[in-house]
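S.K.: Below are the sequence and a predicted model; questions follow.
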Amino acid sequence: MNIQINDVDGVPLAELDMSGDAPTEIVLAGPDTVIISEGDTLDIAVDGAADASDALRFSLEDGTLGIAREKDSWKDGGTATIRVTMPAPEAIVLAGSGTLEANALAKDAGVTIAGSGKASTTGIAADTLDVTVAGSGTYTAAGTVDRLEVTIAGSGSAAMSELKAGRAEITIAGSGDADFASDGDVEAKIVGSGDVTVTGNATCTVSSMGSGKVKCQTVNKENEN
């Protein structure tokens, strides 16, 4: 059956047309692992369990590389590793239980995790980074960013203790946690039991409802219930 990724039919890797411009966004749906290396030209290599590799489907349109599985194929238990060479991505979207690793992001980048998956980006040197974790997923990051925005809905976490932000806005609804480093201004809004930990000499403005806490060098509380 046809598998659609962002409303585009997915095809086996051998049938994917990679002759155009390299993608700027990557979407992973399913249980597999994607490892991204930075390069100007798109290249994709797959290894792992034969059944899993054969079930992979790819799409490439409007700057987005999509990677998914044929329906129900993940029930067999095997997984595949997909190694992708592409320019530092502007957007990473992870849906499901898969894992995605990247050694760089674009200057203005976004990371979205929906589900229980894990994403990791190291070597960040960005102007802006927008992170959204919906569900129980985990995002880890290292490097520097001028402006950081994090939204967590659910029990997921943004484990970014090795990422230093010039300034940050953090919103948590639920039991999720976020940690990062900053010496600048941080705005934190918490509804629920989630916690925010900021290392460094940041000044944090906090609005909270529930048992969630913000650990910061200087805390200014707008309201706390």
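M.R.: Done, it's in.

S.K.: did I read that right, residue 127 in a strand?
M.R.: Yes: when classified by DSSP: H, G, I helix; E, B strand; the rest coil, residue 127 is found to be part of a strand.

S.K.: That one: how many residues sit nearby?
M.R.: Residues near residue 127, counting by other Cβ atoms under 10 Å, number 12. Heads up, the C-betas are built off the backbone N, CA and C, glycines and all.

S.K.: quick one: contacts for it?
M.R.: If a contact means Cβ atoms under 8 Å, 6 or more residues apart in numbering, then residue 127 has 107, 108, 145, 146, 147 as its contacts.

S.K.: swap the cut-off to 10 Å and go again
M.R.: For residue 127, the contacting residues are 106, 107, 108, 109, 145, 146, 147, 166, taking Cβ atoms under 10 Å, 6 or more residues apart in numbering as the criterion.

S.K.: Compare the residues you listed and tell me which is most surrounded.
M.R.: If you count neighbours using other Cβ under 10 Å, the busiest of those is residue 145, which has 27 neighbours.

S.K.: Report pLDDT for that residue.
M.R.: We note a pLDDT of 99 for residue 145 in this prediction.

S.K.: that older thread, any chance of the contacts of residue 127 in TSV, plus distance to residue 137 and secondary structure?
M.R.: Compiled in TSV, those are given as follows (distance: Cβ to Cβ, whole Å; DSSP: H, G, I helix; E, B strand; the rest coil):
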residue	distance to residue 137	secondary structure
106	21	coil
107	24	coil
108	22	strand
109	17	strand
145	20	strand
146	25	strand
147	22	strand
166	25	strand
